[in-house]
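In: Structural data only, the sequence is not supplied:
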């Protein structure tokens, strides 16, 4: 079945550092890929998405490129801020529309 | 953007009682709503998929008599945790799928409901 594997956390960075959170997937067909962010005590918010190979999703300085050849959708940001501290989930939606989530990566950004 | 609300945002109850959680799509109609459970520091686990006007489809290992789901309209689904016990304590998140408009077929998530069973 479809699945998502993402980098284990926690990740702790200093403000303005470069962020990469790795995400790889296994799926049949052509899934859509997502990154969601969860702030403490809140539900998930869509951060960015890509629906086909080579698409790049971007939002709030975050980017991720759908790489079919490596089945990856790594999340990057060039300069993180304290306000980026949250848990980040990689997810895919398969042809049957079911969502599958990675385990989540907790990011803490220190001033 | 599309907004999904949940009520209550948190609830504390005694063991053996039942708790109802509401999930509403505020500005769109959702033919399908999903219920997830999230344990501390873990990912979301899909519990069931709820289609308006029909019975919910439960994931393997989820007790349908324990977690009653009703999706009576295109904007409301409810999850009732019956005879709750401490092991049911968790963060419950719903999502709704928009079936028309600009974000067709995208899932929108509610803010979650934290259930604590004493």
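Out: Nice, thanks for sending it over. The model shown is predicted, which means the values in this text are computed figures rather than measured ones.

In: Identify all contacting residues around the helix or strand residue A:13 falls within.
Out: In the assignment (DSSP states H and E), residue A:13 maps to strand A:11-14. Contacts with strand A:11-14, where a contact means CB atoms under 8 Å, 6 or more residues apart in numbering or on different chains, come from A:19, A:21, A:80, A:105, A:106, A:107, A:108, A:109, A:110, A:111. Just so you know, the C-beta spots here come from the backbone N, C-alpha and C atoms, and that holds for glycine as well.

In: Compare those residues and tell me which has the most neighbours.
Out: Neighbour counts for the contacts of strand A:11-14, by other CB atoms under 10 Å in any protein chain shown, peak at residue A:21, which reaches 24 neighbours.

In: residues in contact with the residue nearest to that residue when sequence neighbours are not counted?
Out: Excluding its sequence neighbours, the residue lying closest to residue A:21 (CB to CB, 6 or more residues apart in numbering or on different chains) is residue A:75, at 4.4 Å. Going by CB under 8 Å, 6+ apart, residue A:75 touches A:19, A:20, A:21, A:23, A:35, A:47, A:62, A:63, A:64, A:88, A:90.

In: ditto for residue A:49
Out: Taking CB under 8 Å, 6+ apart, one finds A:32, A:33, A:34, A:35, A:57 in contact with residue A:49.

In: Repeat that for residue A:21.
Out: Here residue A:21 is in contact with A:6, A:7, A:11, A:74, A:75, A:76, A:88, A:90, A:105, A:107 (CB under 8 Å, 6+ apart).

In: just the buried members of those residues?
Out: A:6, A:7, A:11, A:74, A:75, A:88, A:90, A:105, A:107 (16 or more other CB atoms under 10 Å in any protein chain shown).

In: can I get those in CSV with distance to residue B:99, secondary structure and pLDDT?
Out: What follows is these, written out as CSV (distance: CB to CB, whole Å; DSSP: H, G, I helix; E, B strand; the rest coil; pLDDT from 0 to 100):
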residue, distance to residue B:99, secondary structure, pLDDT
A:6, 29, strand, 93
A:7, 34, coil, 86
A:11, 37, strand, 96
A:74, 31, coil, 98
A:75, 29, strand, 98
A:88, 28, strand, 96
A:90, 25, strand, 96
A:105, 31, strand, 94
A:107, 33, strand, 96
